[in-house]
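[1] 3D model of this:
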Amino acid sequence: MFQLTDVGMARDGRRILSLPQLAVPTDQLCVVLGHNGSGKSTLVGLLAGQQTPDAGRITLHGRGLNRLGARELARAVAFLPQRLPPSVGLTVREIVRLGRFPWRGTFGRWTAGDARIIDEAMERTGVTRFADTLADSLSGGERQRAWISMLLAQQSPVAILDEPTSALDVHHQYQVMDLLAALNRDHGLGVVVILHDINLALRYASHVIALRQGEVAFQGPADLLLEERALSALYRSSIRLIDHPAPPRGTRTCKVAVVCA
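    Residues are numbered from 1 along each chain as shown. Model (predicted):
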């Protein structure tokens, strides 16, 4: 579990985050919600060690995040930013191979074990058939799967993803979230993910953290958010929950959130 205590962030005199106490589970599929500018990306950047707070303390399993070296942190937490790194000229296998650098280093010796881990990561994400294909020639959803495969090859117990569905069409959004949910459920990967779509969150999240103007507006099991008053207050809009017309098999919730004008 991540534990944040008295964490504050400000830029140009504007408060970005003010978090007296926040616990972020690392064994669930935890969705971070909030409007634009609410501090979501700043929060996950702090959890991933991409930034350091202006004030306060962040621990992972009781150990200060600032005490972890870069390679040690990468072995504990895998991070995928909203803007994917350049992949020009890289095949899918070469992208997935990047996930092994925290364990091997730039000049480390590659082993049969590394090759096996890379193959297993591609198999789990369904991109094995694209192994020797240039990543830039793939669809957005296929390319996103390749990068998630890289996270798996990193073998970190926690994966943090900043809006992995934002540039995808609806079909691929659900494909990516199906994959992340399966990795959490079947392989024990802890997932912390930023989403904008409330219905994606209601369908897949087991835990939700909602931010508003840099503060926590809601935190807890996702089931507790299945209440119209709570959703309406969170989004400052009139939201109604209706029964799903065709509930997907195995779905945790059969409700759909609808914004009323």
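[2] output the longest helix belonging to the protein.
    Longest helix in the chain, counting residues (DSSP state H): helix 170-187.
[3] now tell me what touches that one from outside.
    Applying C-beta atoms under 8 Å, 6 or more residues apart in numbering, the external contacts of helix 170-187 come out as 28-29, 124-126, 139-141, 144-145, 148, 152, 159, 161, 164-165, 168, 189-191, 193, 197, 200, 203-204, 206. To be clear about C-beta, it is placed using only N, CA and C from the backbone, and glycine gets the same treatment.
[4] among these, name the buried ones.
    Listed as buried from the contacts of helix 170-187 are 28-29, 124-125, 141, 144-145, 148, 152, 159, 161, 164-165, 168, 189-191, 193, 197, 200, 203-204, 206; burial here means 16 or more other C-beta atoms under 10 Å.
[5] please enumerate the helices of this protein.
    In the chain, the helices defined using DSSP H lie at 40-47, 70-76, 92-97, 101-104, 112-125, 140-153, 170-187, 198-204, 228-235.
[6] quick one: the shortest one to chain centroid distance?
    From the chain centre to the centre of helix 101-104 is a distance of 21 Å (C-alpha atoms, centre = their mean, to the nearest Å).
[7] put the alpha carbons of it into CSV.
    Listed next in CSV are the C-alpha coordinates belonging to helix 101-104 (Å, rounded to 0.1, in the frame of the first residue of the first chain):
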residue,chain,number,x,y,z
PHE,A,101,16.4,-2.9,-18.0
PRO,A,102,15.7,-2.4,-14.3
TRP,A,103,17.0,-6.0,-13.8
ARG,A,104,19.8,-6.1,-16.4
